[in-house]
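Visitor: predicted coordinates and the sequence they were generated for:
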Amino acid sequence: MAYRVVVRCGGGAFFVPNEATENLKIQTAAQLRVLLFTLSRGFSETTPEIVAAELGIIPEDAKELLDYWVSRGILERDGTFAVMPAAEKVSAKAEVPAPKPAVPKPPETKLTMKEVQQIKESDSSVAHVFSEAERLLGKTFTTSDSETIVWLISYAGIAPEVLITVIAYCASIGKKNFFYIRKTAIEWLENGIDTIEAAEERMRALNEAKSWEGEIKRVLEIYGRSLVTKEKEYAESWRIYGISPELIHFAYEKCIEKTAKLSFPYINKLLLSWHQKGIKTPAEAAAENRKKNDDKKPSFDMEELERRMMLEDSVL
């Protein structure tokens, strides 16, 4: 089953730069919403205040999200503004650059052990991958494992240093089988990760997201399962806002006191309220709660009222 864009006559449309679709797996929903809103405004100037009003967030967060796309080279900032990059004027004789070709699917080639050994002996970079892979995975390779390494380098076209980074990442998350390593390596290649710099950046981003998810599970006392997609979106937004695990745990405790169950929307509401007020620690949040409770107390002294009532009863 395939899906396509519905194009209607007279319908509005806007372009999305190719660079914006890179690293979609690690971009947050908030980042993408801000980008789509900004792109939809064409060449109109966009301020954090406009974004905040439209998307229901605070201007400080809107500025941070806009600056993310500035750092990616999708937007540019003019003073306090983030605006679409000016389109280059292309003359009639100018050549329009061709679109970036898709990565061709590697040929499925079955290698014999003799061929694997010959390639390994004739190419020192392949031999180096074998050595590093053995060190990282801590096991002796089967014929199929050896064939996979050679195929990924010689036929899929994955750079040896990139493949080593893929293997290091897979080993770090406990996925040491070559079926998973091959799948991950091809996925990275299809996403344009073909240099050691790009591979290390992908590994860093994935490890950061993984470690943050683990921290969230710990402070919210979630065991035996991964976060679902919506929960990951909440968690990622808290990371972007710079909210500490300690404050998230405090919000979790208040959630349990109030609802007797874990509720990401409820915790998110508390955290967003505190974030807007500049509250960063559990102590500050507790002080804010005490202030709210004090404001709700009746203006009269209940103990004094009861004492007077007792006196009046004794007189009667």
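Guide: Yep, it's here.
Visitor: residue ranges with poor pLDDT in the stretch 1-150 of the chain?
Guide: 1-14, 19, 22-27, 43, 78-108 (pLDDT under 70).
Visitor: do a quick rundown of the strands in it.
Guide: Applying DSSP state E, counting those that start in this stretch to the stretch 1-150 of the chain gives strands spanning 76-78, 81-83.
Visitor: Cys255 touches Pro265, doesn't it?
Guide: No. If you go by C-beta atoms under 8 Å, Cys255 and Pro265 don't touch, sitting 9.5 Å apart. All C-beta spots, glycine's among them, are computed from the backbone N, C-alpha and C.
Visitor: of these two, who's got more company?
Guide: Ranked by neighbour count (other C-beta atoms under 10 Å), Cys255 and Pro265 place Cys255 first, with 21 against 10.
Visitor: OK, contacts around the more buried one?
Guide: For Cys255, the contact set (C-beta atoms under 8 Å, 6 or more residues apart in numbering) comprises Lys261, Leu262, Ser263, Tyr266, Ile267, Leu270.
Visitor: inside helices: which ones of those?
Guide: Assignment to helices by DSSP state H places the following of these there: Tyr266, Ile267, Leu270.
Visitor: what's the neighbour count on Val162?
Guide: Val162 has 24 nearby residues by other C-beta under 10 Å.
Visitor: need the contact list for it.
Guide: With C-beta under 8 Å, 6+ apart, Val162 has these contacts: Ala185, Trp188, Leu189, Ile193, Asp194, Thr195, Ile196, Ala198, Ala199.
Visitor: mind putting the ones in helices among the contacts of Cys255 into CSV with distance to Thr46, neighbour count and pLDDT?
Guide: Shown next, in CSV, are the ones in helices among the contacts of Cys255 (distance: C-beta to C-beta, whole Å; neighbours: other C-beta atoms under 10 Å; pLDDT from 0 to 100):
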residue, distance to Thr46, neighbour count, pLDDT
Tyr266, 32, 17, 94
Ile267, 30, 23, 95
Leu270, 30, 21, 94
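Visitor: which one among the residues you listed gets closest to Ile181?
Guide: Ile181 lies nearest to Ile267 out of these, by C-beta to C-beta, at 36.7 Å.
Visitor: secondary structure element for the spatially closest residue to the closest one that is not a sequence neighbour, which one?
Guide: Spatial nearest neighbour of Ile267, chain neighbours left out: Ala251 (4.6 Å); criterion: C-beta to C-beta, 6 or more residues apart in numbering. Element membership of Ala251, judged by DSSP states H and E, is helix 245-259.
Visitor: tabulate the CA atom coordinates of that helix in CSV.
Guide: Presented in CSV, the C-alpha positions along helix 245-259 are these (Å, rounded to 0.1, in the frame of the first residue of the first chain):
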residue,chain,number,x,y,z
PRO,A,245,15.5,14.3,36.2
GLU,A,246,15.0,15.4,39.8
LEU,A,247,12.2,17.8,38.9
ILE,A,248,10.6,15.2,36.6
HIS,A,249,10.6,12.8,39.6
PHE,A,250,9.0,15.4,41.8
ALA,A,251,6.3,16.0,39.2
TYR,A,252,5.8,12.2,39.1
GLU,A,253,5.3,12.1,42.8
LYS,A,254,2.7,14.9,42.6
CYS,A,255,1.0,13.1,39.8
ILE,A,256,0.7,9.9,41.9
GLU,A,257,-0.6,11.8,44.9
LYS,A,258,-3.3,13.4,42.7
THR,A,259,-4.3,10.7,40.3
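Visitor: which stretches of this structure form helices?
Guide: Under DSSP H, the chain gives helices at 29-40, 48-55, 59-71, 113-122, 124-137, 143-154, 160-172, 178-190, 196-219, 229-241, 245-259, 264-276, 282-296, 302-315.
Visitor: quick one: closest of those to Arg77.
Guide: helix 59-71 (5.2 Å).
Visitor: what angle sits between the closest one and helix 48-55?
Guide: Per axes from the mean of the first three to the mean of the last three C-alpha atoms, to 10 degrees, the angle that helix 59-71 makes with helix 48-55 is 110 degrees.
Visitor: summarise which helices and strands helix 59-71 is packed against.
Guide: With contacts defined as 3 or more C-beta pairs under 8 Å, 6 or more residues apart in numbering; DSSP states H and E, helix 59-71 has these neighbours: helix 29-40, helix 48-55, strand 76-78, strand 81-83, helix 229-241.
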